[in-house]
Each structure stands twice: as structure tokens, then as C-alpha cells.
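[1] could you work out the structure for the sequence below:
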Amino acid sequence: MKFMKLGSKPDSFQTDGNNVRYVASELATDIIVTVGDVKFYLHKFPLLSKSARLQKLVTAPNEEQNNEVHVSDIPGGPAAFEICAKFCYGMTVTLNAYNVVAARCAAEYLEMHEPVEKGNLIYKIEVFLNSSIFCSWKDSIIVLQTTKSLLPWCEELKVVSRCIDSIASKASIDTFRVDWSYTYNRAKLPSENRSDQHWNGVRKEQIVPKDWWVEDLCELEIDSYKRVIVTMKSKGRVSNNIIGEALKAYTFRRLAGFSKGVIQGSDVVKNRLLVDSIVWLLPSENGSVSCSFLLKLLRAALVLDSGEMGKRELIKKIGRQLEEASVTDLLIPAPTGDTTIYNVDVVQTILEEFVLQEQIQHSGQLTEELQQIRNPGFTSDSAKLTVAKLIDGYLAEISKDPNLSLSKFTDLAEMTSGFARPTHDGLYRAIDMYLKMHPGMGKSERKKICRLMDCKKLSVDACMHAVQNERLPLRVVVQVLFFEQVRSASSSTGGTTPDLPGSLRALLPRENGGSHGSSRSTTTNTEEDWDSLPTTDELKAIKGEFPHLKFGSKGSDKIGVDDKSSIEKAAANKVKGLIMSKKILTKLWSSKGSQDDNSSSDTSDSPGSANPDESKSTPSRNRRYSVS
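    Residues are numbered from 1 along each chain as shown. Down below sits the predicted model:
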């Protein structure tokens, strides 16, 4: 730390109690200077010779006592005045980064300028500031910290602005020119531990990290910190990634509980100001800070009820790099008083932002701002696949909430339905968890949620689970088995039409190996049978209709009807009748996009379901395998 000594005479200031200061001298004191609660018993001559303000106060008419003046509003209080008084007496005074600003403001208050006496206190302090303090990294930070209690004097004297410019300039300098000491929260370099290695007797050059200044600036209060970062940005010599790293380090240091997602501390206004300032300081370039950090900031902003503009800006930034997030990051607690556990609405808004940017990019209508900040791989196919998997995992977690409405679940799932992904296993797990946690769902609700899933895209493991899942509607179990049969047979026959059971082959559309003119097109079973939950015996019977499938257990795939008990026979007959329904098998192959979820009639679920002949006239129709 830099310091400067003024004066040469011994310090003869003494204390009498807590509120009295006096100079030990043979001459009697002739002036009393009152600063707050402290009285200074001093001599007029040394004080008036250097302070124009004291000259005015002493000569001004005073009806009470001509030998007492009051300077209660002097910046820095009694301590700062004592430094000025000692300077007037020529006593030894040591100035450093901790007291120099207070002394400078007090000297300005006392008008200790050059016209009063050459080499006065203000001049000497200015020399010390410019030649030592502002040239020192650590001293500049300390001085800036001391200015908070001395406003607005420090602002008027431009001490604050000079400190900020000094700090910002040093932080923006090329690292190879950094030759001063600094603190940094990192493993020390070998040379700092005196364990550096030598190569051919030549000492390796110490490499200064680009973010060497980050930890030191965390000591500043948010107002000062904000001004330093803004000044650094204006200089344009520090990368946005380093700025982002600095903001992250500052937030973790200054906002208690931030790393755990729980904001601690009773000063809500102070914490809100900090979060709003960090959001305002975030670089506009995409990827300057991690998506995880942005989501933590959003969580804090929601808890602290920050401004809408700040929250909206965070949501935009998160949406632009959503593929970097994790499921844990998205589990934002619901607002106080909400019946649900998690804030699903804000995640939906983030996802909407991601989809919006994808649509804008696809249409080629990117604004100049987005072209500058977007990531080269933004909303690529891989990004959309990652986001789809992310939302599937998020749905699986929030499904554990018994108060989560079906509409919120389906709305979120449908937003990623257009994102191609190889399997729907994640979505199946989410749907299964929702069915498990909401056992009271009606048939129409189960039908609606199962439509989100494409049974053809389930892996073998997922199929094995689904065909034994009594929470799924009967139609879904049949579809899973059917598509697995098609996949298995197709792979074994080199892509030719699989050898399906006769009852099924006769009911399929002609291009899939069936015939239109089957006489087995009538059934007495209703749509309710398909939407109902299957029993264990019915599951066994369904698998019995697909004898070539290899998954299952204990050979239950080949269970016959004749050797069953009466209950098993009844279940098998019911399932057989359902499978033989041409109407249902037609729906198995119909397009998901042609269904009307809001229809009150089962016959309107598919364009080809109302009239069987319609499906015959459109054999080349583009079909998508899905739950209808």
C-alpha cells in the first residue's frame, strides 16, 4: 500500500475523554472548533494561516462566543478534521488509501487551497493521488470503497470518476503488461509457490490469467462495480466472455444463497438492485454467460420481484441458448401461494422464445441484432433435439406434482412435437409418471395425453415396459405391440411386408399387406373398450395376438385361448374382438395431424374413420404412426 508522510513535528494531539482533543503546548489555546460531538481546543494562528473557511468563521459576528466555531458538516467528521489540523501545525501525518479521500474532502471544505498558502494540503493530496494512489491497482479499489460515505463531495471533486477510470484501465490492459500484485481465487502458479520448474536453467515466464481482476472487483459495492464494468465495456478491450465471468463471480459472492437457488438476507431492496444491475450489465452476445447462470438469475429475479423488463430480457437470453440448460436448472419454484410445485408458465415462455427464434431463422428474417448475437449453431437440428430431450426430462419431473394440470403438461409437450427425435422414450416416461401421479384421470384425458407419444418411436426397452403397463389405455398397448411386430418382422425380412396374424393382415390397408374387402369388419365392441385400462389377463391376451414378438416374460406371448380359465377366456375374447375391428386398425394407420382433439364424437378422431371407403381411395396418403 502506498503512503505519504506530511510534516515533521511530533504529534502533540492529546485526548481528554471521548469528546475532547487538545494540543499539548505552553501557549494557551484560543479557539474551540466543534466537529459533531467532539471539541478541539486549538490555536488560531496555525489554523487560519492555511484555512480560508476558518478565517471567515472566526471573523464573522458571533453573539455567543467569538472563540468557538462549529464545522459539524465537515466531510469525514472529527478524524478528517484532525488530519487537517495536524497538517496546519506541521505535525507528522501519514496519508494512505484508507484516509486520503476523507482528508481531501475535509481540506476542500476548509478551503485549504494554494492562494491561501503555497504547498497547502489540497495540492499535496492531489500529488499523492495522481502519482501513487491512482497508479496502484489495490489502492485504487480501496479508495473507491471509501468514497461511498463521502458523497457528494467525492463526485464533485471527481475522485470517484478518476478511481473508476484507473481501475477500468488497469483491468483492460494486456495481461503481459500486468506487473503488480493481485489476488485471485485460483490455484497458485508454480512460481508463486516457489516450486516453479526450470527448463535448461531458464525460469519460465509467469502467465497472468485474462480474468485476473475478477475476484478483486467483487469487493466493490454494486453501484461502484456497475460503473467500473460500464467503463470497461466502453474501452472495448475486454472480451464479453470475461465480462460475463466477472458478473457471475460477483453475483455468487455478493448474493447470499444464490448458488443454492435460495436468496438469503432480509434486505430485499438491496438484493433486487443487485440482480437488476447484473441483468442490465449482461453482454448482448449470446453465450457470454452460461444458460445455467441465466436461469439462476431468473429464479432470483422472480423471488425478489424484479422489474418486468429485466425478467423479459433474461427469458430472451435463456431462450437463445436453451439447449445448454439442464432439467435441474428449469425446476424453478412456483410463486408463493400457487398450488403447483414448479413455475411451469415461465418455462413455457422460455420455450416459446426458443421456438420463435427457430421460426425467425427458418424464415430468413433475422434482425441485425440477432445476427450479431446468435450462436453459429443456434436452433440447429442438434439444438432442437437437445431441447426436445430437455423438455421430455422436465415433463417427467413436473409430472410428480399431483396438482399439475393436464393442459399445462400437454401445452408444453406439444411445443416440441415438431422437433424430430429418434425415440419417444423420454416422453413416454413423462406420460407414464403423469398417469401414475394422477390415477383419477378420465378416459378422454388419458387418450389426450397418450396422443402426444408416437408408439412407433419407442425403443425395445420402452415397449417391454409399455406392454405390461396397466396405466395405459388398451389402444396404446395394442399399438405398441403392433408397431413392434412391424419393426421386428420388417428387419428380419429385409424391409418386406411382415408376416402378421391373419386377422390383422386382412384388416390393414392394401399397401401394408392387407385387403380392403375383408368380411371381418364388424364388431360389437365400442370405443370405450379401447380407451379403458387393460387388466393383466387382457395384456396377456393382447400379446397372444402377436406371437412373433420376443420380449415379455415366461412365454406369455404365446398364451392360447383354449387352455385358459373362464376369466382368461373372457378377456381373450374381448381383446380378439377389439383387434378384429377394422375401424380401430384403420385408425392405427391414420395421420395424427388429421385428428380433432375437441371432437365429442369418436368417429371424428380420424378423417378415414367416418366412412371406411374413404381410406380405400387414398392408399398413397402420407401417414404418421401415432396414438389416436
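[2] and Thr208, how far from Phe252?
    Quick fix: residue 208 reads Val, not Thr. Taking Cβ to Cβ, to the nearest Å as the criterion, Val208 is separated from Phe252 by 22 Å. Yep, even glycine has a C-beta here, placed from its N, CA and C like the rest.
[3] out of the two, which sits in the busier spot?
    With other Cβ atoms under 10 Å as the criterion, Val208 and Phe252 differ in neighbour count, and Val208 comes out ahead with 18 against 14.
[4] could you pull up the residues touching the more buried one?
    Contacts for Val208 were tallied using Cβ atoms under 8 Å, 6 or more residues apart in numbering; they are 175-176, 178.
[5] how far away from the center of its chain is whichever helix or strand Asp165 is part of?
    When secondary structure is defined by DSSP states H and E, Asp165 falls within helix 159-171. The gap between where helix 159-171 is centred and where its chain is centred comes out at 30 Å by Cα atoms, centre = their mean, to the nearest Å.
[6] how many residues are close by the nearest residue to Trp213 once chain neighbours are set aside?
    Counting by Cβ to Cβ, 6 or more residues apart in numbering, the nearest residue to Trp213 once its immediate chain neighbours are dropped is Ala171, at 4.2 Å. Counted with other Cβ under 10 Å, the neighbours of Ala171 add up to 25.
[7] relative to Lys226, how far out is Ala171?
    As judged by Cβ to Cβ, Ala171 and Lys226 stand 14 Å apart.
[8] same thing with Val344?
    Going from Val344 to Lys226 by Cβ to Cβ gives 33 Å.
[9] Gly307 too?
    Distance of Gly307 to Lys226, given as Cβ to Cβ: 15 Å.
[10] what's the answer for Cys450, then?
    From Cys450 over to Lys226 (counting by Cβ to Cβ), the distance is 52 Å.
[11] among the two, which residue is more densely surrounded?
    Neighbours were counted for Cys450 and for Lys226 using other Cβ under 10 Å; Cys450 has more, 22 against 19.
[12] list the contacts for that one?
    With contact taken as Cβ under 8 Å, 6+ apart, Cys450 is in contact with 431, 472-473, 476, 627.
[13] among these, which pair sits farthest apart?
    Pairwise distances among the contacts of Cys450 were taken by Cβ to Cβ; the largest, 11.1 Å, belongs to Ile431 and Pro473.
[14] quick one: which of these two has more around it?
    Neighbour comparison, Ile431 and Pro473: the larger count goes to Ile431, with 29 against 21 (by other Cβ under 10 Å).
[15] Met4 belongs to a strand?
    Yes: for Met4, which was evaluated using DSSP: H, G, I helix; E, B strand; the rest coil, the result is membership in a strand.
[16] beta partners for it?
    On the basis of DSSP bridges, Met4 takes part in beta bridges with Leu95.
[17] so what's the residue count around it?
    Applying other Cβ under 10 Å, we find 17 residues neighbouring Met4.
[18] pull the contacting residues for it.
    Applying Cβ under 8 Å, 6+ apart, one finds that Met4 lies in contact with 94-96, 100, 124, 128, 132.
[19] now with 10 Å?
    Counting by Cβ atoms under 10 Å, 6 or more residues apart in numbering, Met4 touches 93-96, 100, 124-125, 127-129, 131-133.
[20] for whichever strand or helix holds Val478, name the packing helices and strands.
    Here Val478, judged by DSSP H and E, is contained in helix 474-492. The elements that helix 474-492 packs onto, with contact taken as 3 or more Cβ pairs under 10 Å, 6 or more residues apart in numbering; DSSP states H and E, are helix 425-437, helix 443-450, helix 460-466, helix 502-505, helix 527-531, helix 536-544, helix 566-579, helix 582-588.
[21] circling back to that earlier point, what mean pLDDT does the helix holding Asp165 get?
    Across helix 159-171, the average pLDDT comes to 96.
[22] could you export it as CSV, CA atoms only?
    Listed in CSV are the C-alpha atoms of helix 159-171, where the atom choice follows Å, rounded to 0.1, in the frame of the first residue of the first chain:
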residue,chain,number,x,y,z
VAL,A,159,-12.3,11.4,-7.1
VAL,A,160,-14.8,8.7,-7.9
SER,A,161,-14.6,9.0,-11.7
ARG,A,162,-10.8,9.1,-11.5
CYS,A,163,-10.8,5.9,-9.4
ILE,A,164,-13.1,4.2,-11.8
ASP,A,165,-11.1,5.1,-14.8
SER,A,166,-7.9,4.0,-13.1
ILE,A,167,-9.4,0.6,-12.2
ALA,A,168,-11.1,0.1,-15.6
SER,A,169,-7.9,1.0,-17.5
LYS,A,170,-5.8,-1.5,-15.5
ALA,A,171,-8.3,-4.3,-15.9
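[23] buried residues in it?
    Of the residues in helix 159-171, those buried by neighbour count under the rule 16 or more other Cβ atoms under 10 Å are 159-160, 162-168, 170-171.
[24] what ranges do the strands span in the protein?
    Along the chain, counting by DSSP state E, strands occupy 3-6, 13-15, 20-23, 31-35, 38-42, 68-70, 93-96, 198-199, 202-203.
[25] what sits against Glu308?
    With Cβ under 10 Å, 6+ apart as the criterion, the residues that contact Glu308 are Ala301.
[26] wait, doesn't Pro439 sit right on Glu445?
    No: here Pro439 does not reach Glu445: they are 11.5 Å apart, not a contact under Cβ atoms under 10 Å.
[27] neighbour-wise, which of these two wins?
    Shown here are Pro439 and Glu445; by other Cβ under 10 Å, Glu445 has more neighbours (15 against 9).
[28] wait, the more buried one sits on Ile431?
    No: the pair formed by Glu445 and Ile431 falls short of the contact definition of Cβ under 10 Å, at 11.5 Å.
[29] what residues are shared contacts of these two?
    With Cβ under 10 Å, 6+ apart applied, the overlap between the contact sets of Glu445 and Ile431 consists of Thr410.
[30] Phe409 versus the residue nearest the centre of the chain, what's the distance?
    In the chain, the centroid-proximal residue (Cα atoms, centre = their mean) is Leu295; its distance is 1.6 Å. Here the distance between Leu295 and Phe409 works out to 21 Å (Cβ to Cβ).
[31] contact partners for Ile332?
    The contact partners of Ile332, by Cβ under 10 Å, 6+ apart, come to 261, 295-296, 298-299, 302-303, 342-347, 350.
[32] the same query, at a cut-off of 6 Å, please.
    299, 343, 346 (Cβ atoms under 6 Å, 6 or more residues apart in numbering).
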